[in-house]
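Trainee: Okay, structure incoming, though there's no sequence with it:
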């Protein structure tokens with residue numbers, strides 16, 4: 001049950017959203033071995049003048065950026081899977097967004113099963129009662 005939060009620099013772009021959502025969802029589910037029907041994605045755009053790297057806005061840098069956070073239940077993915085996801089997600093977003101600042105980043109958040117869940121039930125409880 002990954003929760004994906006993606007922030008992209010720039011103005012809202014419905015065409016980019018139409019391309020990005022299915023591709024990022026598919027990549028996440030394939031590489032991290034998750035189920036698409038339990039995957040949520042929240043996407044937001046941040047104006048270039050409100051995104052700063054080393055005290056300079058992306059306007060000053062003349063670049064785009066993204067921050068991708070994926071929350072997964074701790075100990076459900078290997079280091080190799082996470083490393084592959086980092087590489088492939090960065091490549092995908094670089095292709096779709098373009099002109100990326102190198103500090104664009106991916107953050108996989110391993111969350112304890114007792115602290116993460118949906119429908120009012122923790123992942124730990126689901127595992128223990130499966």
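Mentor: Everything's here; your move. Please read these numbers as outputs of a predicted model, since none were measured by experiment.
Trainee: Could you use CA atoms for every contact and neighbour count after this?
Mentor: OK.
Trainee: Show the contacting residues for residue 41.
Mentor: When contacts are counted by Cα atoms under 8 Å, 6 or more residues apart in numbering, residue 41 is found next to 3, 4, 5, 6, 21, 25.
Trainee: Can you tell me which of those is nearest residue 111?
Mentor: residue 3 (10.8 Å; Cα to Cα).
Trainee: I figured the closest one hits residue 71, correct?
Mentor: Yes: Residue 3 lies in contact with residue 71 (Cα atoms under 8 Å); the separation is 5.1 Å.
Trainee: hmm, back to that, what is the most widely separated pair among the contacts of residue 41?
Mentor: Of all pairs drawn from those, the one with the longest distance (Cα to Cα) is 3 and 21, at 12.7 Å.
Trainee: burial measure for residue 8, as a count.
Mentor: The number of residues packed around residue 8, counting by other Cα atoms under 10 Å, is 22.
Trainee: give me the low-pLDDT residue ranges for the protein?
Mentor: Counting by pLDDT under 70, the chain contains no low-confidence range.
Trainee: all strands for it, in order.
Mentor: With strands called from DSSP state E, the chain shows them at 3-9, 40-46, 52-53, 56-57, 66-73, 105-111, 117-118, 121-122.
Trainee: Distance to residue 17 for these - can I get that in a markdown table?
Mentor: Output for the strands of the chain, formatted as a markdown table (distance: least, Cα to Cα, whole Å):
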| stretch | distance to residue 17 |
| --- | --- |
| strand 3-9 | 10 |
| strand 40-46 | 8 |
| strand 52-53 | 23 |
| strand 56-57 | 23 |
| strand 66-73 | 13 |
| strand 105-111 | 18 |
| strand 117-118 | 25 |
| strand 121-122 | 30 |
